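Chemist: Sharing a model that was predicted from the sequence below.
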Amino acid sequence: MQAKERGRAERLYLRKRYGMGLLFMLPWIIGFAMFVLIPISWSLFMSFNKVQVAVGGFKYEWIGFRNYRDAFLKDNVFPIELITYIQEMLLMVPIIVIFALLIALMLNQKFPGRFIYRALFFLPVIFATGQVLSELFLQGAGDIPFLEQYNLLPLVEEYVGKQFAETVMAVLGKAILILWYSGVQILIFIAGFQTISPTIYEAVRIDGASPWDSFWKITLPACVPFISLNVLYTIIDLFTFPLNPVLKHIKDNMFKVDTGYGYASALAWIYFGLIFALIALVLWLFNRSLKTRRVHS
């Protein structure tokens, strides 16, 4: 009897405990269901339909996977823009992460006024977003004049080949984004450096290790989780970039009579699937590297 009463009391305690937690989470659950889950489910439903605007609402005609097939078989723009932008993104992500790592190493040093420089690198994240960033690029603020002035295209074609030259030039033309899109990554790296105990550096310095050795043996291995976090953040940030041509193509198809919301939803889900697969691949690679480090250590 005592065991049963004890078990009943434990279940009652757990029920009250989890019930109180769910009560505090209830506003978030309601908001997630109304503003995220329902729109996402509706978008997935529309991707399998031909959606037409009719009197009093939308008219749905079930067509199965036709929208998904048309995205690759009939649409001559979407696959090209998707492949081109993914190529640019695969070049820009390591550039942004490496640039943020180097700047964070410098900003982590002790020198007068370093908080001012940290703020300067973070300010573009606050101001150059959304419509502001779009207007800046439309006015030519994101261009680098010397690319056309010195005609670097033949030189790039000579070293990387003609098939990748346009992608490399497009990335070089957006080099200003490296400054604008590295503020958050710099702060994450600086926070990661703070987790490394200074006594470790003092110990290796006494043993005769150089700063170069300390970076490769201590700093970089300790920052692997923060590198993975920055890679994931940068991928998502670039895939939601305001001037993303793939997103523009999806928005344009929303208002076309022959495509509409159904076809645009299918394009969006294809785009999301590729992003999700890329993020899963990055997570798998970093988890594998972390497990390898634990085994060797």
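Modeler: Looks like it came in fine.
Chemist: Any idea how many residues pack against Ile275?
Modeler: Using other C-beta atoms under 10 Å, Ile275 is surrounded by 17 other residues. In this view, the C-beta of every residue, glycine as well, is placed from N, C-alpha and C.
Chemist: Now it. Nearest residue, chain neighbours left out?
Modeler: Among residues not flanking Ile275 along the chain, Phe239 sits closest, at 5.2 Å (C-beta to C-beta, 6 or more residues apart in numbering).
Chemist: In this structure Thr219 contacts Ile196, no?
Modeler: Yes: between Thr219 and Ile196 there is a contact at 6.7 Å, judged by C-beta atoms under 8 Å.
Chemist: Report the separation between the most centrally placed residue in the chain and Leu243.
Modeler: By C-alpha atoms, centre = their mean, the mean C-alpha position of the chain lies nearest to Ile236, the distance being 1.7 Å. Taking C-beta to C-beta, to the nearest Å as the measure, Ile236 falls 16 Å from Leu243.
Chemist: got it, and Phe286?
Modeler: According to C-beta to C-beta, Phe286 stands 28 Å off from Leu243.
Chemist: The two - which one has more neighbours?
Modeler: Taking neighbours as other C-beta under 10 Å, Phe286 and Leu243 compare with Phe286 leading, 17 against 14.
Chemist: Let me see the contact set for the more buried one.
Modeler: Residues near Phe286 by C-beta atoms under 8 Å, 6 or more residues apart in numbering: 224-225, 227-228, 231.
Chemist: In a strand, it, correct?
Modeler: No: using DSSP: H, G, I helix; E, B strand; the rest coil, the assignment for Phe286 is helix, not a strand.
Chemist: what about Phe189, how many residues close to it?
Modeler: 26.
Chemist: nope, Phe65 is what I was after
Modeler: Phe65 has 11 neighbouring residues, counting by other C-beta under 10 Å.
Chemist: Distance to Leu179 and secondary structure added to the contacts of Phe286, as JSON lines?
Modeler: Shown next, in JSON lines, are the contacts of Phe286 (distance: C-beta to C-beta, whole Å; DSSP: H, G, I helix; E, B strand; the rest coil):
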{"residue": "Val224", "distance to Leu179": "25", "secondary structure": "helix"}
{"residue": "Pro225", "distance to Leu179": "25", "secondary structure": "helix"}
{"residue": "Ile227", "distance to Leu179": "19", "secondary structure": "helix"}
{"residue": "Ser228", "distance to Leu179": "23", "secondary structure": "helix"}
{"residue": "Val231", "distance to Leu179": "18", "secondary structure": "helix"}
